[in-house]
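Peer 1: What shape does this take:
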Amino acid sequence: MKNALFVCLLSLFGMATVQAQLVKISGKIVANSSQQGLDYASATLVRLLDSATVGVQYSNAQGIFEFKEVKSGQYFIMAYYLGYEKAKSAVFTVVNADLELPILRLTSSTNTLKEVTIKGNKPLIERKIDRMVFNLESSIAAKGTDLTQALALTPMLRVEESGISIVGKGGVSVMINERMVPLRGSDLINYLKSLRSDDIEKIEVITTPPAKYEAQGNSGLINIVMKSNPSLGWSGNFSPSFIQNSYSGFANNFNLNYQSQKLASSVKLRQYHRPAHIDEQTDNIGVNSIWSRDPRKSVADGIGANLSLDYKAGKTTNLGLIYDVSKTSSDMDIDNVTIYQTRGQTDSVLRTVSHNENPNLTHTLSLYYDQKLDSLGKKLSTSFNYFANAPETTNSFQTTSDQTGQTNRVRNFNGTQYHVWSAQSDLNLPYKWVLLETGLKFTNFDQDAETVYANFVQDVFRPDPLRSNAFNYNEKNLAGYISLQKALSKKWEAKAGLRYEYTWVDGYSPTLDSRSKSQYGKLFPTAYLSYKLDNKNTFSINYSKRINRPSLRAVNPAKWYSNPYTYFTGNPYLKPSYNHNLEFSYMHGNISFTAYGQKLVNGYAYVVEVKEALKVVNAYNYLTQYSTGLTASLNQKFFPWWENSSFASYSYSNSKSALSQVLTQNGSAFSYSINNTFKTSKQTSAFVNFRQSLSSRQNNMYSQGRTVLSAGARVAFADNKFQVNASVNDILKGDLERNRLYYTDAVQYGRTYYDTRMLNLNATYTFGKSKVKGSQKQINFKETQRAN
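Peer 2: Predicted coordinates:
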């Protein structure tokens, strides 16, 4: 089966080189006032039958443009140049002979206010066949913000300092112009804060990714579409922030862009210092009970740089590189008290004081080459990506027993090196009868990890070989896909795709002399069908199958000790889990409803076990889960000065465990959010946001409800070049995580507060030409997210 699929894919690649005898169209674009040709004016070839864009070309220094290999049919040209009104040619017919069109004359846009205001008539929310679209240009709340603030207004998205998620989907991967951003967590948030919403055309939320994207993960995708970039020259912005929770912190972002006719480039610098007070309490109650409290101070520091270069080597060729480097550290000082009991009687009390250091250096390099194959939109894209990550974690702790008075000093060290590289090639083949996409990708993961547990004996830290371990892991993944999309009529549209991935896994521990090897191949189908009743009513249904491969840390069998009697470990025999997703959506104007069903097979999670005096946390495959749910969103302008974005989600899950010690909890979950933005004047605005989640049950967990109230204001000066933002998050201090995990011999109670109530003051200064955006291209390199 797999051989037949790849032969098919390779055959499709060959199709791009076989072209029929087609027609060439040429023309000239001039300024009406001077009659001189306009250099680098855009000419868009539009098919009359369905108003589809066939291709875009740019004029040379004499104003001349050409379209090659155009099929027979009726067309017209739309011409555009910055500072001039758009011009439309007369309709012309292509038969068998080359055509030279009459001159297109553009008039200076001194009175184009009417055209500019028309852009605001786009609907705020649109439904495409495989994604939901949030048009930022139609949102008053999104104007003049950074990208994270605009994302927070997008239906179904939740933005926090720790990252971005789709409600009901967990963490999410972010793309810019269909290219993956190879960052996550705080680094991703800082990068997105360097981008301005005024440079963004729309945000696309993809809850069911098509076949062209990796099948890994069930969290969905966000695609950020930048506006076209007609201006030449320099631009940039500088954005410092002050953050106050229990401690004071700060973050700084600097962005510099340059755009010429052939080169687009950008340099983004980021830096942050974020301390926080975290209070965590974990009580494992059973015949053998363990009570533990971990108040700690956490300090996250980071500095990073991102360089993007995009070079237009010719009218049909683009090539470039993206390089990102970051150096981060996460330090913690923990004062832990653990009480051990048997049948309610205290056996011992341990106090552990520890200092945890976690420096990390990360490099990501991407090289790409894009080749347009004709003027009709056929394109071949090839890229090579490399990722290197070297986290080091040192946990130095001192444990004292109240019974013996004995003190143990331990240094626990883990050094890991990740190396991930991939090569991929994608073909985009738009035909009159169908849009065909196909591609191949190969990815290689390497992990070399060493964990050393050392006791302090006779003034020296001496390694304990029974608690130390080395682990080497290699994973290879070969993937190919094909996707077909077709408008069946003016109202019906369909899309279907098939992706095949074959994986080789080899894990070896020289310490234990233990090896685990496996290989497997799976097909991942996707299917979409949409029906557009009219301009306001759209129905759609889709299906996808996804895979969740374990993180590289989850398969490492090394034991990581937080005290001499508690450790976390990985499972080298852990297998991937699979998700089947079915969604049905209905959109009426700015109101959207989605009903969904999910089936999780061979799900894995961490399980807490008490083995005599040891508390062990390990990962196992044990979960089968069926989930159904309904989401609803409303984005509405009640008045020109008041915009509301509301979202609600309900789900019910039924879980079954293959492990007898895990007691699953069937039940429901409900959450909602209400975001209000008030435009108090042309220069000022304010927002009040509230979200609440009620108590819920899922897997073997019961979670208590949480509430978050946030508010803020924004002031703009100097034609929006200087902006000041102030906000307070979690005003009521209600973002408290409380849960219970159920096992046959114990119940674990958890209570954690992550210091989320905070004041954030931010200033942004924008300089240069506001429409110059530099290179915003990113590369699809989602695999780096498993190296953590």
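
Peer 1: Next, work out how far apart residue 330 and residue 452 are.
Peer 2: Distance of residue 330 to residue 452, given as CB to CB, to the nearest Å: 20 Å. C-beta here means a position set from N, CA and C on the backbone, and glycine is covered the same way.

Peer 1: just residue 370 next, same as before
Peer 2: Here residue 370 is placed at a distance of 47 Å from residue 452 (CB to CB).

Peer 1: Residue 192 belongs to a strand?
Peer 2: No. Read with DSSP: H, G, I helix; E, B strand; the rest coil, residue 192 is helix and lies in no strand.

Peer 1: my guess is it meets residue 151, correct?
Peer 2: Yes. Taking contacts as CB atoms under 8 Å, residue 192 lies within contact range of residue 151: 7.1 Å.

Peer 1: neighbour-wise, which of the two wins?
Peer 2: More crowded of residue 192 and residue 151, by other CB atoms under 10 Å: residue 151, with 26 against 23.

Peer 1: which residues touch that one?
Peer 2: Contacts for residue 151 (CB atoms under 8 Å, 6 or more residues apart in numbering) come out as 157, 159, 164, 192, 203, 222.

Peer 1: distance of the residue positioned nearest the centre of the chain from residue 181?
Peer 2: Nearest to the geometric centre of the chain sits residue 173, at 1.9 Å (CA atoms, centre = their mean). According to CB to CB, residue 173 stands 8 Å off from residue 181.

Peer 1: Remind me which helix or strand residue 97 belongs to.
Peer 2: For residue 97, there is no helix or strand it lies in under DSSP states H and E.

Peer 1: I'd guessed it sits against residue 22; true?
Peer 2: No. Using CB under 8 Å, residue 97 is not in contact with residue 22; the gap is 11.4 Å.

Peer 1: of the two, who's got more company?
Peer 2: Higher neighbour count among residue 97 and residue 22: residue 22, with 18 against 7, using other CB under 10 Å.

Peer 1: That one reaches residue 68, doesn't it?
Peer 2: Yes. Here residue 22 reaches residue 68: they are 7.3 Å apart, a contact under CB under 8 Å.

Peer 1: list residues touching both of these two?
Peer 2: Common neighbours of residue 22 and residue 68 (CB under 8 Å, 6+ apart) are residue 374.

Peer 1: phi, psi of residue 673?
Peer 2: Main-chain dihedrals, residue 673, degrees, to the nearest 10: phi -140, psi 150.

Peer 1: That one pairs with what?
Peer 2: Beta-bridge pairing of residue 673, defined through DSSP bridges, involves residue 647, residue 691.

Peer 1: Please tell me how far it sits from residue 650.
Peer 2: Taken as CB to CB, the span from residue 673 to residue 650 is 13 Å.

Peer 1: What segments of the stretch 101-250 of the chain are helices?
Peer 2: Secondary structure of the stretch 101-250 of the chain (DSSP state H, counting those that start in this stretch): helices at 113-118, 147-152, 185-193.

Peer 1: now the stretch 501-650 of the chain
Peer 2: Secondary structure of the stretch 501-650 of the chain (DSSP H, counting those that start in this stretch): no helices present.

Peer 1: contacting residues around the closest residue to residue 721 other than its chain neighbours?
Peer 2: Counting by CB to CB, 6 or more residues apart in numbering, residue 721 lies nearest to residue 766, which is 4.9 Å off, once chain neighbours are set aside. Shown in contact with residue 766 (CB under 8 Å, 6+ apart): 196, 235, 236, 237, 720, 721, 722.

Peer 1: Tell me which residues touch the fourth one, please.
Peer 2: Right, residue 237. Neighbour list for residue 237: 194, 196, 253, 254, 255, 764, 765, 766, 767 [criterion: CB under 8 Å, 6+ apart].

Peer 1: For it, list each beta-bridge partner.
Peer 2: Residue 237 has these beta-bridge partners by DSSP bridges: residue 255, residue 766.

Peer 1: so how far is residue 203 from it?
Peer 2: Distance of residue 237 to residue 203, given as CB to CB: 20 Å.

Peer 1: The closest residue to residue 388 other than its chain neighbours: what secondary structure?
Peer 2: Using CB to CB, 6+ apart and skipping the chain neighbours, the partner closest in space to residue 388 is residue 363 (4.6 Å). With three-state DSSP as the basis, residue 363 sits in strand.
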